[in-house]
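*Asks:* Everything below, folded, please.
(one chain, ligands or ions: 3)
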Amino acid sequence: MSLVDWGWNDAWEAEAAGLRPAEGLPGRIVAQDRDRWSVQTEPGLVTARLVSNARVPSRPVVGDWILVAPGPSPADPWTVLGVLPRRSRLARGEAGTGSDEQVLAANVDVVWVVHGLDVPLNLRRLERYLAVVWESGAVPELVLTKSDLCEDLEGAVAEAETIALGVPIRTVSSIDAESVARLSDTLRPQTTVALAGPSGVGKSTLVNLLGSSAEAQTAEARGRDRKGRHTTTRRELYRIEGGALLIDTPGIRELRLWSVDEGLDRAFPDIEELAAGCRFRDCRHEAEPGCAVTEAEASGRIAADRVHSYRKLRAEAEYQARKTDPIARKAAVAEHKTALKTLKHHPKYRGED
Ligand SMILES: Nc1nc2c(ncn2[C@@H]2O[C@H](COP(=O)(O)OP(=O)(O)OP(=O)(O)O)[C@@H](O)[C@H]2O)c(=O)[nH]1
Ligand SMILES: [Mg+2]
Ligand SMILES: [Zn+2]
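*Replies:* Ligands and ions are numbered 1, 2, ... in the order given. Presented below is the predicted three-dimensional model:
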């Protein structure tokens with residue numbers, strides 16, 4: 001099997017050539033267990049570690065392209081020599097009291113924001129996910145699962161449309177093969193899709209239904225008592241029939257927006273558009289005179305909940321930014337800018353602008 005099957009291409013080749021030390025073998029991280037990384041290389045799957053003096057800018061994560069070399073003795077794990085600059089990075093504010101950023105996955109082209117239709121849509125949570133994904137440099141798509149458990153599918157999709165502006169919406173059921181085939185048709189060979197959403201929405205079920213190279217664990221595989229509560233415990237990259245790559249992730253309980261750049265505006269294009277009519281160019285849409293957003297809110301042209309959600313996400317990201325160590329932050333932001341620049345050249349994204 002060639003590395004191309006894992007997403008390798010000429011652009012990565014060029015990046016690797018420009019990176020020292022060049023003696024390493026390129027490989028892609030497919031899984032991580034504490035301080036051991038499973039790396040897909042041309043000759044096969046190897047286990048690698050970071051040595052203490054490694055000059056890597058950031059801790060590698062699933063999806064990263066890295067350079068590795070065999071350990072000093074054949075029994076040793078391989079050594080990570082370098083991490084290629086990331087094209088995109090799905091990141092969140094660290095859970096709990098942490099003020100740092102946690103990168104969940106790298107070099108992701110598309111993120112499926114997964115929500116189950118067995119419960120009412122949580123629009124505020126979806127807005128949060130969309131902002132985080134846009135901020136990552138990847139392109140979001142909404143995947144509504146368990147459509148077999150939904151009585152008013154059209155109504156649910158219409159509701160989702162009110163917040164998923166310019167974002168494709170797909171519906172799927174694990175017991176409807178046709179719906180799975182439709183979803184499968186949207187996948188492209190060698191592109192990387194990460195699945196994100198709360199526990200139990202059916203992320204791993206989808207990975208398996210779409211024909212993954214290895215079985216992802218789902219709730220049933222562990223017995224009924226688990227009820228789909230945090231069945232998946234690590235992020236893992238799978239090859240899918242047809243050549244796409246899927247990153248399954250554990251259910252996310254808390255997804256904090258870590259930085260606020262273009263992500264928020266992309267997730268709220270309606271507010272962005274209204275903002276053009278504000279008197280002040282740096283209007284924060286709070287209590288400023290001549291604010292077109294506040295006016296639209298008062299007249300009911302835009303849902304107050306939505307404006308509230310926007311303000312809340314912005315405040316949260318700004319708070320996170322103030323708490324973060326400025327030096328670490330500067331480095332992360334620099335890396336992040338590259339990701340956003342890549343987004344502008346994304347074939348999918350280009351067509352939509
Ligand atoms: N009725 C119905 N059940 C589904 C569907 N998709 C998944 N399920 C069930 O939902 C439960 C949870 O599915 P998982 O795939 O393990 O969910 P997950 O999102 O991977 O959960 P975590 O790994 O905990 O994050 C399982 O019992 C699945 O059989 C669907 O489309 N319809
Ligand atoms: Mg799972
Ligand atoms: Zn305003």
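*Asks:* low-scoring stretches of the stretch 251-353 of the chain, by residue?
*Replies:* Scanning the stretch 251-353 of the chain for pLDDT under 70 picks out 324-325, 327-329, 331-353.
*Asks:* and it, which residues reach ligand 3?
*Replies:* Within the stretch 251-353 of the chain, the positions adjacent to ligand 3 are 278, 283, 285, 291, 293 by CB under 5 Å from the ion. All C-beta atoms are positioned from the backbone trio N, CA, C, and that covers glycine.
*Asks:* just checking, the last one touches residue 304?
*Replies:* No. With contact taken as CB atoms under 8 Å, residue 293 and residue 304 are classed as non-touching, separated by 10.8 Å.
*Asks:* quick one, which of these two is more surrounded?
*Replies:* residue 293 (26 against 11; other CB atoms under 10 Å).
*Asks:* helix, strand or coil for that one?
*Replies:* State at residue 293, reduced to three classes by DSSP: H, G, I helix; E, B strand; the rest coil: helix.
*Asks:* ok, it to ligand 1 distance?
*Replies:* 35 Å (CB to the nearest ligand atom, to the nearest Å).
*Asks:* What segments of this structure are helices?
*Replies:* 10-17, 123-136, 153-161, 177-185, 203-209, 263-267, 269-275, 292-298, 304-323, 326-344, 347-352 (DSSP state H).
*Asks:* closest to residue 239 out of those?
*Replies:* Nearest to residue 239 among those is helix 203-209 (10.6 Å), distances taken as CB to CB.
*Asks:* Which other helices and strands does the closest one contact?
*Replies:* In terms of contacts (3 or more CB pairs under 8 Å, 6 or more residues apart in numbering; DSSP states H and E), helix 203-209 is packed against strand 110-116, strand 139-145, helix 177-185, strand 192-196, strand 245-248.
*Asks:* Please list the outside residues in contact with the second one.
*Replies:* Put plainly, it is strand 139-145. 109-117, 126, 129-130, 133-134, 150, 156-157, 160, 164, 167-174, 183, 186, 195, 201-202, 205-206, 343, 346, 348-349 (CB atoms under 8 Å, 6 or more residues apart in numbering).
*Asks:* Of the residues you listed, which qualify as buried by neighbour count?
*Replies:* Among those, those classed as buried by 16 or more other CB atoms under 10 Å are 109-117, 126, 129-130, 133-134, 150, 156-157, 160, 164, 167, 170-174, 183, 195, 201-202, 205-206, 343, 346, 349.
*Asks:* Which members of those additionally contact ligand 1?
*Replies:* Contacts with ligand 1 within the buried ones among the contacts of strand 139-145, counted by CB under 6 Å from any ligand atom: 173-174, 201-202, 205.
*Asks:* before we move on, back to that, from the residues of the stretch 251-353 of the chain next to ligand 3, pick the one nearest residue 258.
*Replies:* Of those, the one sitting nearest to residue 258 (CB to CB) turns out to be residue 285, at 21.6 Å.
*Asks:* Taking strand 192-196 as reference, get the angle to the longest strand anywhere in the chain.
*Replies:* Assignment by DSSP state E gives strand 25-33 as the longest strand of the chain. Going by axes from the mean of the first three to the mean of the last three CA atoms, to 10 degrees, strand 25-33 is angled at 10 degrees with respect to strand 192-196.
*Asks:* The helices and strands packed on helix 203-209 into CSV, with extra columns for distance to residue 59?
*Replies:* Formatted as CSV, the helices and strands packed on helix 203-209 follow (distance: least, CB to CB, whole Å):
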stretch, distance to residue 59
strand 110-116, 20
strand 139-145, 25
helix 177-185, 32
strand 192-196, 18
strand 245-248, 17
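*Asks:* Kindly reformat those as CSV and extend each row with mean pLDDT.
*Replies:* Shown next, in CSV, are the helices and strands packed on helix 203-209 (pLDDT from 0 to 100):
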stretch, mean pLDDT
strand 110-116, 97
strand 139-145, 98
helix 177-185, 97
strand 192-196, 97
strand 245-248, 96
